[in-house]
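**Student:** A structural model of the following input is requested.
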Amino acid sequence: MSGSPAVVIRLVASAYTVAEKAGEIVRKVLHRGDLGIVEKEGANDLQTLADRLAQRSICTSLSRRFPKITIIGEEELPAEEVSEDLIENGQAEEILQKVCPVEYCGVKEEELVVWVDPVDGTKEYTEGLLDNVTVLIGIAYAGRAIAGVVNQPFYNYQLGPGAHLGRTMWGMLGLGAFGFQLQEVPDDKRIVTTSRSHSNKLVTDCVSAMEPHEVIRVGGAGNKIIQLIEGKASAYVFASPGTKKWDTCAPEVLLHCVGGKLTDMHNNPYRYDANVKRMNSGGVLATLRNHEYYISRVPQSALQALKSD
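**Tutor:** Numbers count the residues shown, from 1 in each chain. Coordinates of the predicted model:
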């Protein structure tokens, strides 16, 4: 490969190793046993020491190498010195070897926005539901999610002591998605995944309107998208303004790379410019296939209650 890789390729290669470092931090905090839990906006909106350390690690590591990018993290943290043991300087060699899609070759560092959720599924993390937990780093250009890294810190934890923990998936539009085996629910079966801890009548009514054969309630937006691409669910349905841009940016890319779609309940895509509202006000509807069917089933009550960004 001649010359230096395009900036977006280098950023994805860094985000990959940084996400793996964050996953390691999340495991270490759990192993030590003191989670340092703080309630942000009630018992269903928690922050732990893992959230704080992982976000500092991700944001500082990326901003040192790419000082002109905009990074938006979930946690509002006071400015403080970040210890060197939290910094990750490596880059994934296999990503650096990829040929950048032509439409992104000329993208400048200052044109990129990185959305970070250091621990997606924090409540589940505190409850030991470790397969729900992900680290999310999404990369946007011109308002569109174009690349994403999703780390599962506790992948394989059910295998018991000695199992190799953790898995990192990544994707980029024009290149594809890597690190997992795509599987699909059969077309004649509708399995809906939705929130386990942020439900209300609007959410349950919307799920019921899809006429699912089965409903799976799990934590974490990243985890729900993984359910879709690994053949455990047909649609992720959440008729509520509960998720934020850092929840959906990275996993949305994986979904798009395998032919899926993520919109609000009005069938509008979300934008990821630096100045957009953080809240996904129109809810989330994500599918691997048959998106139009699910959109057609969204109740009028949900459309009236949820604003489209």
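**Student:** Can you give me the distance of Thr60 to Leu306?
**Tutor:** Distance, Thr60 to Leu306, by Cβ to Cβ, to the nearest Å: 36 Å. Yep, even glycine has a C-beta here, placed from its N, CA and C like the rest.
**Student:** should've said Val150
**Tutor:** 26 Å.
**Student:** who's more crowded, those two?
**Tutor:** More crowded of Val150 and Leu306, by other Cβ atoms under 10 Å: Val150, with 29 against 21.
**Student:** For the more buried one, give the beta-bridge partners.
**Tutor:** Partner residues in beta bridges with Val150, using DSSP bridges, are Leu136, Met169.
**Student:** thinking it is in contact with Gly121, fair?
**Tutor:** No. Using Cβ atoms under 8 Å, Val150 and Gly121 do not qualify as a contacting pair, with a distance of 11.7 Å.
**Student:** For the two, list the residues in contact with both.
**Tutor:** Jointly contacting Val150 and Gly121 under the rule Cβ atoms under 8 Å, 6 or more residues apart in numbering are 134, 222.
**Student:** For the worst-scoring helix or strand of the chain on mean pLDDT, name the packing helices and strands.
**Tutor:** The helix or strand of the chain with the poorest confidence is strand 38-39; it has a mean of 77 (mean pLDDT, DSSP states H and E). Packed against strand 38-39 by the contact rule (3 or more Cβ pairs under 8 Å, 6 or more residues apart in numbering; DSSP states H and E) you find strand 46-47.
**Student:** and with 6 Å instead?
**Tutor:** In this structure, strand 38-39 packs against no helix or strand, with contacts taken as 3 or more Cβ pairs under 6 Å, 6 or more residues apart in numbering; DSSP states H and E.
**Student:** outside of that strand, which residues touch it?
**Tutor:** Identification of contacts with strand 38-39 by Cβ atoms under 6 Å, 6 or more residues apart in numbering yields Gln47.
**Student:** Pull the distance from that strand to the chain's centre.
**Tutor:** On the basis of Cα atoms, centre = their mean, to the nearest Å, strand 38-39 is displaced by 22 Å from the centre of the chain it belongs to.
**Student:** for stretch 20-40, same thing?
**Tutor:** On Cα atoms, centre = their mean, the centre of stretch 20-40 falls 18 Å from that of its chain.
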